[in-house]
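Visitor: Sequence and predicted structure below; questions after.
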Amino acid sequence: MHLLIPAAGMGKRMGSDRNKLLITLLGKPLLAWTLIAAENAASISWIGIIGQPEDRSDLENILSNIFISKPVQFIQGGSTRQESVYNGLQGLPDAAERVLIHDGARCLATPDLLDRCAAILATCPGLIAAVTVKDTIKVVDNTGIVVDTPDRSNLWAAQTPQGFEVKLLKACHDKGRDLGWEVTDDAALFEKCSLPVTIVPGEETNLKITTPVDLAIAEFILKSRE
Ligand SMILES: Nc1ccn([C@@H]2O[C@H](COP(=O)(O)OP(=O)(O)OP(=O)(O)O)[C@@H](O)[C@H]2O)c(=O)n1
Ligand SMILES: C[C@](O)(CO)[C@H](O)COP(=O)(O)O
């Protein structure tokens, strides 16, 4: 299975002055943890790291300090996650029929989650790892008044990995670019094209490192795995 890792963001919400994936977490750059999970996932045979050119030497440095036995390709990122994944899809080898996409920032995902997604992707055109929402969610209008409380049993929080048939996802990205769709994940493009996206139970610990508090939680989770 081919794996694309979007790693070309900035980390504005982290308040960082450089790509947050280069921040050290328990002795290793954040992205190293994501790459180690990919290395340990038996189903993954090829890794595409989507990064910004200015981070290239730091990303190469990360690779030289961990053991990765699988072929790794660098692909230039774009100005949004959507654009980065678009570039990633163009950088896939021609032989890639299906692809998993996993955020570099979700560095706590386990190899088991990647392998489960890869196995299920053999049976469906698109999938998304997700977890049920624990809080009661409110819909609020622009004056700050609650207007709705959706039924929680239908709500899932999106994670990555997300996986797709490459031909279909490429067509969805092309359509999205033509029509000016702006989305935060690839499953949303599939949905907008009326293609089915299967839910795969994700992991509660598979958080996206977004703000400084996430770093502290991630460190706690990694320590508990030692
Ligand atoms: N132009 C971009 C923006 C984001 N990403 C990647 O997409 C994933 C999810 O994005 P997010 O957590 O929002 O990362 P940032 O864009 O870095 O964060 P922020 O929105 O706070 O700036 C991350 O692994 C990030 O590196 C990317 O490849 N290219
Ligand atoms: C793809 C994603 O990680 C799913 O939760 C997420 O949508 C990335 O973008 P966000 O803007 O940081 O939510």
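Guide: Yes, it's here. Ligands and ions are numbered 1, 2, ... in the order given.
Visitor: and stretch 103-113, C-alpha only, in CSV?
Guide: The C-alpha coordinates for stretch 103-113 follow below in CSV (Å, rounded to 0.1, in the frame of the first residue of the first chain):
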residue,chain,number,x,y,z
ASP,A,103,-1.4,13.6,8.4
GLY,A,104,2.2,14.0,9.6
ALA,A,105,0.7,15.8,12.6
ARG,A,106,-1.2,12.6,13.8
CYS,A,107,2.0,11.1,15.2
LEU,A,108,0.3,8.8,17.7
ALA,A,109,-1.5,6.6,15.2
THR,A,110,-0.5,3.0,15.6
PRO,A,111,0.8,0.6,12.9
ASP,A,112,-2.3,-1.5,13.6
LEU,A,113,-4.6,1.4,12.6
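Visitor: Any residue of that stretch touching ligand 2?
Guide: Yes: using C-beta under 6 Å from any ligand atom as the criterion, contacts between stretch 103-113 and ligand 2 involve Asp103. Where C-beta positions appear, they are placed from N, C-alpha and C, glycine not excepted.
Visitor: Same check on stretch 9-27?
Guide: No: interface with ligand 2: stretch 9-27 contributes nothing (C-beta under 6 Å from any ligand atom), its closest point being 7.8 Å away.
Visitor: List the buried residues for that stretch?
Guide: Gly9, Gly11, Met14, Asn19, Lys20, Leu21, Leu22, Ile23, Leu25, Leu26 (16 or more other C-beta atoms under 10 Å).
Visitor: do stretch 152-160 as well
Guide: For stretch 152-160, the neighbour count (16+ other C-beta under 10 Å) marks Trp156, Ala157, Ala158, Gln159, Thr160 as buried.
Visitor: Also stretch 34-41?
Guide: Going by 16+ other C-beta under 10 Å, stretch 34-41 has these buried residues: Thr34, Leu35, Ile36, Ala37, Ala38, Glu39, Ala41.
Visitor: do the same with stretch 109-122
Guide: Applying a neighbour-count criterion of 16+ other C-beta under 10 Å, one finds Ala109, Pro111, Leu113, Leu114, Asp115, Arg116, Cys117, Ala118, Leu121 buried in stretch 109-122.
Visitor: In strands, which of these appear?
Guide: If you go by DSSP state E, those have nothing in strands.
Visitor: Need the residues you listed in CSV (columns: distance to His102 and pLDDT).
Guide: Shown next, in CSV, are those (distance: C-beta to C-beta, whole Å; pLDDT from 0 to 100):
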residue, distance to His102, pLDDT
Ala109, 6, 98
Pro111, 11, 98
Leu113, 9, 98
Leu114, 7, 98
Asp115, 12, 98
Arg116, 12, 98
Cys117, 8, 98
Ala118, 11, 98
Leu121, 12, 98
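Visitor: ok, so of the residues you listed, who is nearest ligand 2?
Guide: The shortest approach to ligand 2 among the buried residues of stretch 109-122 belongs to Ala109, at 10.6 Å (C-beta to the nearest ligand atom).
Visitor: In space, what's closest to that closest one - neighbours in sequence excluded?
Guide: Spatially, and ignoring its direct neighbours in sequence, Ala109 is nearest to Asn206 (4.7 Å; C-beta to C-beta, 6 or more residues apart in numbering).
Visitor: That neighbour in helix, strand or coil?
Guide: At Asn206 the chain is in coil, as set by DSSP: H, G, I helix; E, B strand; the rest coil.
Visitor: and it, how many residues sit next to it?
Guide: Number of residues near Asn206 (other C-beta atoms under 10 Å) recorded here: 23.
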